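A.B. asks: can you look at this prediction? I've put the sequence above it.
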Amino acid sequence: MSVLNPPRSTGTRRPSGPVGAGGHFSAWANRHRKWLFAAPAMIFVGVLIVFPLAWTVYLSLTDSQGSVRAATDFIGLQNYITVLSDTERFWPAVGRTLAFTGVALAFEVVLGMCVALLLWRPFRGEKWVRVAILLPLVATPVAVGMMWRLIFDPNIGFANQLLGMVGIPPQPWLSGQDTALGTTIFMDVWQWTPMVVLILLAGLTSLSDEPDEAARVDGANAFQRFFFITLPLMMPTVIVAILLRGIDALKTFDILYATKGKGGGSFHEVETLNVYAYGLSFDYNQYGLSSAVLILFFMIIIGTMWLLTMRKKAVGK
Amino acid sequence: MTVVTDSTTAAAQRTRRRRKPLATRAYKVFRVVALILVVLFLLAPLFWMLLASLKTNVDIYDTGKALLFSPTFENYANVLQRNNYFVFIFNSFWVAFVSTALSIVLGVPAAYAMSRFTMHRSALVVLMARVIPGVSLLVPWYYVFSNLRMVGKFEVLILSHMFVALPLIVYIMMSYFDSLPLELEESAEVDGLTPIGAFRRITLPLSVAGIATAGILSFIFSWNNFMFALVLSGSKTKTLPVAIFDFVSYASIDWGGLMAAATVVTIPIMIIALFTQKYIVSGLTAGATKG
């Protein structure tokens, strides 16, 4: 179709360029616009991903220790063996990553569904609630981490003051061996439940009212209508929310690093794979080992995503 | 709370009341209480941060002065003047602005092509960037850029933030273009415009709202990004999140100053969010309802 256009029309649109050349280029560009449009973004992302990923795979097969020892030796799968047999740092980090993601996601989806249902039908003051929901979402994670660090401070924090009012002894929160991970999960829930609320609310609003009305006429109560009508219809949206949030939760870094880094105690209680790999790379220059951890981490993420997409397809049918 | 009642809201509530008076009234009370609790839960921590930023450190340590204290702007003066936060604010703004603008230039046409020609596999390449843990890219980037002596330059920071922004923009714009009817464009082509001309003159002007959504969201994500700037910024290009983190020292924490710094980084982005609410919501939920 584009070839049939008279070159004159292209000339009038690009008066500055040479008419003939512009016409040829324009015709060529129109014919290949699919790749002309898509390629720059793909090349940009590709170069910034493919090459580093390939390098990470290569590094994971060497004993690279960065600037400390420039020359590196190819050591095959040794790093993977080291990492996979490391029950002190690696496996606990895998456990924490999955626990953090799983527990945070469970809370976020259940709470998010409750709040979305509360917001579903119009009400007075809706606008203000929407603002409240948006603010945690856009707040800078590092600032949020600092904020929680003050609130959960064992001595001067608001959390312990609050507990004091109801007669519960002060808790160590972020510094405690058993409480730290739970506390960071709480932070994640505070910041990201709103995102799940927004996604689910969008899903609820796009639902048709008819099945719900029909069930109402048939005498179903609110709980029955939710569990047998609304929830099944919402499943695809719920899976999308889990997928989007799950990927980010697996990769959580900012809040963990901000609350535990620099004087916030050791990372060990909240050391997820991301924090562990970051520390290995940029604090200890163990690039080889860190790359092996990252490749395994990446495989965990892809695996989780694949499982969820399968589930989504099954639900969609 | 607002007292003005939207007429449609009132109408909707009236119909509900007529249908089931008792249950609806009980639910309404429950709903008000629940929503107040939700709002409190979401806003109280931010309010606490704001309060602490207006206290002297002596008052912060005095738990008796939790709410009653004489506010001071000393912390803000200290943060902004002595710690050069105006420079960091500029850095954050510049990096977020340029990376967003460049990502729009690259991302919008890409999203258009991917939506129109259903290039799902190609889209997956770009969206992979959302899935890969940033650390695995940072190590090679850091190695390359430090060999090029470019670590600490704006270009590198902008490049790394584009990496966050571009997939976001492609994702949002793809679902935007999917929902845009193609007939207008096709009739423009029938009328003699080339396909690229139709894109430029018909589709682009129609996509301003979508581009605004994508742009605002990508600006926010870039403003908030911490990990890339932590490794790739230098003393002159430090962004706000990194500057706040540097504010913490190992020995003791100047809580008042720290909360002022945290407020300084959050306030601008919150103001932007308040004014662009509906764009942010539509961006965050883009593609979510199609299942």
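C.D. replies: Received it, and whenever you're ready, just let me know what you need.

A.B. asks: and the helix or strand hosting B:A212, which residues are buried?
C.D. replies: Using DSSP states H and E, B:A212 sits in helix B:208-224. Going by neighbour count (16 or more other C-beta atoms under 10 Å in any protein chain shown), the buried part of helix B:208-224 is B:210-211, B:213-224. Yep, even glycine has a C-beta here, placed from its N, CA and C like the rest.

A.B. asks: near chain A, which of these show up?
C.D. replies: Contacts with chain A are made by B:I220, B:W223, B:N224 out of the buried residues of helix B:208-224, judged by C-beta under 8 Å from any C-beta of the partner chain.

A.B. asks: wait, the second one touches B:M270, no?
C.D. replies: Put plainly, it is B:W223. No. Assessed by C-beta atoms under 8 Å, B:W223 is found out of contact with B:M270, at 10.8 Å.

A.B. asks: one step back: got the CA positions of the following helix or strand past the helix holding B:A212 in PDB?
C.D. replies: Next along the chain after helix B:208-224, taking DSSP H and E as the criterion, comes helix B:227-232. In PDB, the C-alpha atoms belonging to helix B:227-232 read as follows (Å, rounded to 0.1, in the frame of the first residue of the first chain):
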ATOM      1  CA  MET B 227      20.200   0.000  43.500                       C
ATOM      2  CA  PHE B 228      21.600   1.200  40.200                       C
ATOM      3  CA  ALA B 229      22.500   4.600  41.500                       C
ATOM      4  CA  LEU B 230      24.100   3.100  44.600                       C
ATOM      5  CA  VAL B 231      26.700   1.400  42.400                       C
ATOM      6  CA  LEU B 232      26.900   3.600  39.300                       C
END
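
A.B. asks: name the surrounding residues that touch helix B:227-232.
C.D. replies: A:253-254, A:257, A:278, A:282, B:95, B:134-135, B:138, B:141-142, B:145, B:151-152, B:156-157, B:160-161, B:163-164, B:238-239, B:241-242, B:245 (C-beta atoms under 8 Å, 6 or more residues apart in numbering or on different chains).

A.B. asks: after that helix comes which helix or strand?
C.D. replies: Counting by DSSP H and E, what follows helix B:227-232 is helix B:240-247.

A.B. asks: could you give the angle of that next one to helix B:208-224?
C.D. replies: Angle between the axes of helix B:240-247 and helix B:208-224 is 20 degrees (criterion: axes from the mean of the first three to the mean of the last three C-alpha atoms, to 10 degrees).

A.B. asks: kindly export helix B:240-247 (C-alpha atoms) in PDB.
C.D. replies: What follows is helix B:240-247, C-alpha atoms only, in PDB (Å, rounded to 0.1, in the frame of the first residue of the first chain):
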ATOM      1  CA  LEU B 240      18.400  11.500  46.400                       C
ATOM      2  CA  PRO B 241      17.800   7.900  47.500                       C
ATOM      3  CA  VAL B 242      21.600   7.300  47.600                       C
ATOM      4  CA  ALA B 243      22.200  10.600  49.400                       C
ATOM      5  CA  ILE B 244      19.700   9.600  52.100                       C
ATOM      6  CA  PHE B 245      21.300   6.300  52.600                       C
ATOM      7  CA  ASP B 246      24.700   8.100  52.900                       C
ATOM      8  CA  PHE B 247      23.100  10.200  55.600                       C
END
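
A.B. asks: next, the buried residues of whichever helix or strand comes after it.
C.D. replies: Of the helices and strands lying after helix B:240-247 in sequence (DSSP H and E), the nearest is helix B:255-275. Residues B:255-266, B:269-270, B:272-273 are the ones in helix B:255-275 that count as buried (16+ other C-beta under 10 Å).

A.B. asks: between those, which is closest to B:L43?
C.D. replies: B:M270 (11.3 Å; C-beta to C-beta).

A.B. asks: number of nearby residues for B:R121?
C.D. replies: Using other C-beta atoms under 10 Å in any protein chain shown, B:R121 is surrounded by 8 other residues.

A.B. asks: same deal with the one 10 residues further on?
C.D. replies: A total of 17 residues lie near B:V131 under the criterion other C-beta under 10 Å.

A.B. asks: tell me the contacts of it?
C.D. replies: Here B:V131 is in contact with A:I247, A:I301, A:I302, A:M305 (criterion: C-beta under 8 Å, 6+ apart).

A.B. asks: which members of these occur in helices, if any?
C.D. replies: A:I247, A:I301, A:I302, A:M305 (DSSP state H).

A.B. asks: thinking again about what came up before, tabulate the buried residues of helix B:208-224 in JSON lines, adding columns for distance to A:V240 and pLDDT.
C.D. replies: Shown next, in JSON lines, are the buried residues of helix B:208-224 (distance: C-beta to C-beta, whole Å; pLDDT from 0 to 100):
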{"residue": "B:G210", "distance to A:V240": "19", "pLDDT": "93"}
{"residue": "B:I211", "distance to A:V240": "23", "pLDDT": "95"}
{"residue": "B:T213", "distance to A:V240": "18", "pLDDT": "94"}
{"residue": "B:A214", "distance to A:V240": "18", "pLDDT": "94"}
{"residue": "B:G215", "distance to A:V240": "23", "pLDDT": "95"}
{"residue": "B:I216", "distance to A:V240": "21", "pLDDT": "95"}
{"residue": "B:L217", "distance to A:V240": "17", "pLDDT": "94"}
{"residue": "B:S218", "distance to A:V240": "20", "pLDDT": "95"}
{"residue": "B:F219", "distance to A:V240": "24", "pLDDT": "96"}
{"residue": "B:I220", "distance to A:V240": "21", "pLDDT": "95"}
{"residue": "B:F221", "distance to A:V240": "19", "pLDDT": "94"}
{"residue": "B:S222", "distance to A:V240": "24", "pLDDT": "95"}
{"residue": "B:W223", "distance to A:V240": "25", "pLDDT": "95"}
{"residue": "B:N224", "distance to A:V240": "22", "pLDDT": "95"}
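
A.B. asks: out of the ones in helices among the contacts of B:V131, what pair is the most spread apart?
C.D. replies: Of all the pairs that the ones in helices among the contacts of B:V131 form, the one spanning the most space (C-beta to C-beta) is A:I247 and A:I302, at 10.2 Å.

A.B. asks: which one's more surrounded, these two?
C.D. replies: Taking neighbours as other C-beta under 10 Å, A:I247 and A:I302 compare with A:I247 leading, 18 against 13.

A.B. asks: could I get the contacting residues of the more buried one?
C.D. replies: A:I301, A:M305, B:R130, B:V131.

A.B. asks: and if you look at B:I60?
C.D. replies: By C-beta under 8 Å, 6+ apart, the contact list for B:I60 reads A:L150, A:I156, B:A52, B:W255, B:G256.

A.B. asks: can you check the pLDDT for residue 137?
C.D. replies: As the question left the chain open, I've gone with chain A. Note for A:L137: predicted pLDDT of 94.

A.B. asks: hmm, I had chain B in mind actually
C.D. replies: The model reports B:L137 with a pLDDT of 87.

A.B. asks: okay, now it: neighbour count?
C.D. replies: Counted with other C-beta under 10 Å, the neighbours of B:L137 add up to 22.

A.B. asks: now it: closest residue in space, sequence neighbours ignored.
C.D. replies: Distance criterion C-beta to C-beta, 6 or more residues apart in numbering or on different chains; nearest residue to B:L137, sequence neighbours excluded, is A:P52 at 4.6 Å.
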